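*Asks:* Output the structure for:
(chains A and B)
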Amino acid sequence: MSTVLKADRSVAESPAEIRITDLSMRYRTVSGDSVFALDRVSLAIQPREFVCVVGTSGCGKTTLLRIIAGLVRHTAGRVHLRDREISGPSADVGIVFQGPVLLPWKTVLENVMIPVVVLGLDRDAHRRRAMELLDLVGLSGFEDKYPKELSGGMQQRASIARALVHQPSLLLMDEPFGALDAMTRETMNLELQRIVKDAAITVLFITHSIQEAVFLGDRIVVMTPRPGRIAESMTIDLPRPRELDAMSAPEFGSYVRAVRRLLNARGMTH
Amino acid sequence: MLRLRNERSGLRGTTRDESLPAAADEGDRSERAGAASRWLRSNKVQIFLFTIGILLVWQFVNEALRVPSYLLPTPSAIARALYSGVVDGLFIKSAFITLLEAITGFLIAACAGIVLGTAIAQFAIVERLVYPYIVGLQSLPKVAIAPLVIVWFGYGFSSKIVVSATIAFFPVLVNVIVGLKSADADQLDLMRSLNASRWQKLRLVQFPAALPFIFAGLDVAAIFSVLGAIVAEFVGSQAGLGNLLLTFNSNLDISSVFACLILLGLMGTSLHFAIQLLRRRMVFWSREDEVRKL
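*Replies:* Numbers count the residues shown, from 1 in each chain, chains lettered A, B, ... in the order given. Coordinates of the predicted model:
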């Protein structure tokens, strides 16, 4: 009991959006071995911070996101969302998945309204908000279209609007632009920067693209696999708003090299 | 898949080698549908002409070889029997009775299949307890229960409905279970991330996802319901097309037997198209060929 109280007090002292302490996640494989997807990971994210998690496949970054989202239960350690320890999914979190995950039988607006319907929020008030968000992600005029009438990039924008409609304080993004072509991806990065600024929200963004991480992040968390650990956390001190031209600046290049060095130091090639 | 196709068609639009057969194979969905409907139209014409040809050959060979009409009547004799049966009202009355039996049986089967299938897919305990019986009954030839049902429910309307519903029930049930379990894992994760209740998950994700499967099951069930009604009429009845068919058969009025068969064929086809019409309205987001029929 005393340790619980102590931990709670320490959280109250620093108003972090997420505080992860010694988080471990162990899977038991079919052959009976146990594998650490995450091994004693600790991380704190401040309100309105944009944190990118980079790492190769299998470094546990998606597992980390799913634990914070409350979709899987960790085996050891603690995760606090503001002042509450998470024990399941929370309405304070919005998620953007790898794919758009839109319901094909609902219109774009109905899809964006899904969290409102499921959480039982006031529909009329939130329909206005949904329309504003669709405008924000550049989809005004498409609210009555069905997902299959939209391109992949537009579908992913709709899913960003959906993740924001219930006004979560934390946005979790799991390689949201991985399936898009390079050009669309750059456009989406620019727009995400603008959307996040307008929404005034904390973001945990998972990617395997170093450039994307440096472009978007206030901070980059580099993860290495087997077992999944945080190798380093690096603050990206580039002015905002960042334009695509910033990617050819020498500072940008040196951040990219630094992250790549960290990834390669563990014998991993990107 | 859809995006892939669009990209392909975009590529093709810029390279402009539409004359190449390989490129034509990769047309986008609407283009392909347009081409398919053109092809279908000409195909319909071909089938029609082919059918006329067969009937003419049948008529000619039958007359030339003097095949007795109690073995195989000529198409013209069948047409006459059909016409006179329809005109004096007997066929219409009988067909109406059989259709009513089949549709009632079908509706009961559809409702029962959807309700029980949903219960099995949603509650592990129901699945554990009920599924063995379902598998057992599934492997039983349902037609074999028809005599028993006649004993229990009599020669009237109700026994026909029971047999019809029993036979039509299984394709619906199996498709409902498979359909509900086919719901996309990511969509369910989205629901879970919002703490959706079981009912919300079912209503918003699982049931719509199951609809293409359910319609595939209903399509089979519609045909099976007519089969069930006819079988029950064979075993014991006072009216209906199955009853009429047996009477004609024992009188060796084979022309009228064929006429009944034509009516039954029309009945099955109409039910099939009615289901397809409903399907296109309700499952507008998915195409039929995306669901494997079970």
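
*Asks:* Only C-alpha atoms from now on, for both contacts and neighbour counts.
*Replies:* OK.

*Asks:* Break down the chain into its strands, ranges please.
*Replies:* Here I'm looking at chain A. With DSSP state E, the ranges of strands along chain A come out as A:18-28, A:34-45, A:50-54, A:76-81, A:84-85, A:93-96, A:170-174, A:202-207, A:219-224, A:229-235.

*Asks:* Give me the nearest residue to the residue in chain B positioned nearest to chain A, chain neighbours excluded.
*Replies:* Per C-alpha to the nearest C-alpha, residue B:193 is where chain B lies closest to chain A, at 5.0 Å. In space, and not counting its chain neighbours, residue B:193 is closest to residue A:89: 5.0 Å by C-alpha to C-alpha, 6 or more residues apart in numbering or on different chains.

*Asks:* Make sure the one you found is actually in contact with residue B:196.
*Replies:* No: Residue A:89 is not in contact with residue B:196 according to C-alpha atoms under 8 Å; the separation is 9.6 Å.

*Asks:* near chain A, which residues of the stretch 151-294 of chain B?
*Replies:* Contact residues (C-alpha under 8 Å from any C-alpha of the partner chain) of the stretch 151-294 of chain B with chain A: B:186-187, B:189-196, B:200, B:205, B:208, B:283-285.

*Asks:* who touches residue A:126 in this structure?
*Replies:* Applying C-alpha atoms under 8 Å, 6 or more residues apart in numbering or on different chains, we find residue A:126 in contact with A:113, A:116, A:165, A:166.

*Asks:* Any chance of JSON lines for those, columns neighbour count, distance to chain B and pLDDT?
*Replies:* Converted to JSON lines, the contacts of residue A:126 look like this (neighbours: other C-alpha atoms under 10 Å in any protein chain shown; distance: C-alpha to the nearest C-alpha, whole Å; pLDDT from 0 to 100):
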{"residue": "A:113", "neighbour count": "24", "distance to chain B": "12", "pLDDT": "96"}
{"residue": "A:116", "neighbour count": "23", "distance to chain B": "9", "pLDDT": "95"}
{"residue": "A:165", "neighbour count": "24", "distance to chain B": "12", "pLDDT": "93"}
{"residue": "A:166", "neighbour count": "23", "distance to chain B": "10", "pLDDT": "93"}
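
*Asks:* Helices - which of those residues land there?
*Replies:* residue A:116 (DSSP state H).

*Asks:* okay if I get the contacts of residue A:126 as JSON lines plus distance to residue A:98?
*Replies:* Formatted as JSON lines, these follow (distance: C-alpha to C-alpha, whole Å):
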{"residue": "A:113", "distance to residue A:98": "20"}
{"residue": "A:116", "distance to residue A:98": "22"}
{"residue": "A:165", "distance to residue A:98": "19"}
{"residue": "A:166", "distance to residue A:98": "20"}
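
*Asks:* Now residue A:156. Nearest residue, chain neighbours left out?
*Replies:* residue A:100 (4.7 Å).

*Asks:* sorry, back to before: and the residue of chain B closest to chain A, what does it touch?
*Replies:* Residue B:193 touches A:69, A:70, A:71, A:89, A:90, A:95, counting by C-alpha under 8 Å, 6+ apart.

*Asks:* How far does stretch A:28-35 sit from its chain's centre?
*Replies:* In terms of C-alpha atoms, centre = their mean, to the nearest Å, the centre of stretch A:28-35 is found 28 Å from the chain centre.

*Asks:* ok, now which ones touch residue A:134?
*Replies:* A:140, A:143, A:158, A:161.

*Asks:* so how far is residue B:177 from residue B:122?
*Replies:* 9 Å (C-alpha to C-alpha, to the nearest Å).

*Asks:* burial of the residue nearest to residue A:156, as a residue count?
*Replies:* 23 (other C-alpha atoms under 10 Å in any protein chain shown).

*Asks:* try residue B:145
*Replies:* Using other C-alpha under 10 Å, residue B:145 has 14 other residues around it.

*Asks:* helix/strand/coil for it?
*Replies:* With DSSP: H, G, I helix; E, B strand; the rest coil as the basis, residue B:145 sits in helix.

*Asks:* how deep is the closest residue to it other than its chain neighbours tucked in, by neighbour count?
*Replies:* Among residues not flanking residue B:145 along the chain, residue B:163 sits closest, at 7.7 Å (C-alpha to C-alpha, 6+ apart). Per other C-alpha under 10 Å, the neighbour tally for residue B:163 reads 32.

*Asks:* How far away from the center of its chain is whichever strand or helix holds residue B:163?
*Replies:* Element membership for residue B:163 (DSSP states H and E) is helix B:157-181. Offset of helix B:157-181 from its chain centre (C-alpha atoms, centre = their mean): 12 Å.

*Asks:* Can I get the helix or strand just after it in CSV, CA atoms only?
*Replies:* Toward the C-terminal end, the helix or strand that comes next after helix B:157-181 (DSSP H and E) is helix B:185-193. Taking Å, rounded to 0.1, in the frame of the first residue of the first chain, the C-alpha atoms of helix B:185-193 are listed here in CSV:
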residue,chain,number,x,y,z
ALA,B,185,-9.8,-7.3,-36.0
ASP,B,186,-8.7,-3.6,-36.4
GLN,B,187,-12.3,-2.4,-36.5
LEU,B,188,-12.9,-4.4,-33.3
ASP,B,189,-9.8,-2.9,-31.7
LEU,B,190,-11.2,0.5,-32.6
MET,B,191,-14.4,-0.4,-30.7
ARG,B,192,-12.4,-1.8,-27.8
SER,B,193,-10.3,1.3,-27.6
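
*Asks:* Tell me which residues of helix B:185-193 come out buried.
*Replies:* Buried residues in helix B:185-193, counted by 16 or more other C-alpha atoms under 10 Å in any protein chain shown: B:187, B:188, B:189, B:190, B:191, B:192, B:193.

*Asks:* quick one: contacts for the fifth one?
*Replies:* Spelled out, it's residue B:191. A:118, B:201.

*Asks:* Hmm, residue B:250 and residue B:257 touching each other?
*Replies:* No: Residue B:257 is beyond contact range of residue B:250, at 10.0 Å (criterion: C-alpha under 8 Å).

*Asks:* Which residue of those two possesses the greater neighbour count?
*Replies:* More neighbours surround residue B:257 than the other of residue B:257 and residue B:250, with 24 against 9 (other C-alpha under 10 Å).

*Asks:* so where do the strands sit in the stretch 51-200 of chain B?
*Replies:* Taking DSSP state E, counting those that start in this stretch as the test, none of the stretch 51-200 of chain B falls into strands.

*Asks:* just the helices in it please.
*Replies:* If DSSP state H, counting those that start in this stretch is used as the criterion, the helices of the stretch 51-200 of chain B fall at B:75-87, B:90-122, B:124-139, B:146-153, B:157-181, B:185-193, B:198-201.

*Asks:* circling back to that earlier point, and which of the contacts of residue A:126 is nearest to residue B:126?
*Replies:* Using C-alpha to C-alpha, residue A:116 is the member of the contacts of residue A:126 that lies nearest residue B:126, at 31.9 Å.

*Asks:* Have a look at residue B:122 and residue B:177 and say which one is more surrounded.
*Replies:* Comparing residue B:122 with residue B:177 by other C-alpha under 10 Å, the one with more neighbours is residue B:177, at 23 against 17.

*Asks:* Now do the more buried one against residue B:284, distance only.
*Replies:* For residue B:177, the distance to residue B:284 equals 21 Å [C-alpha to C-alpha].
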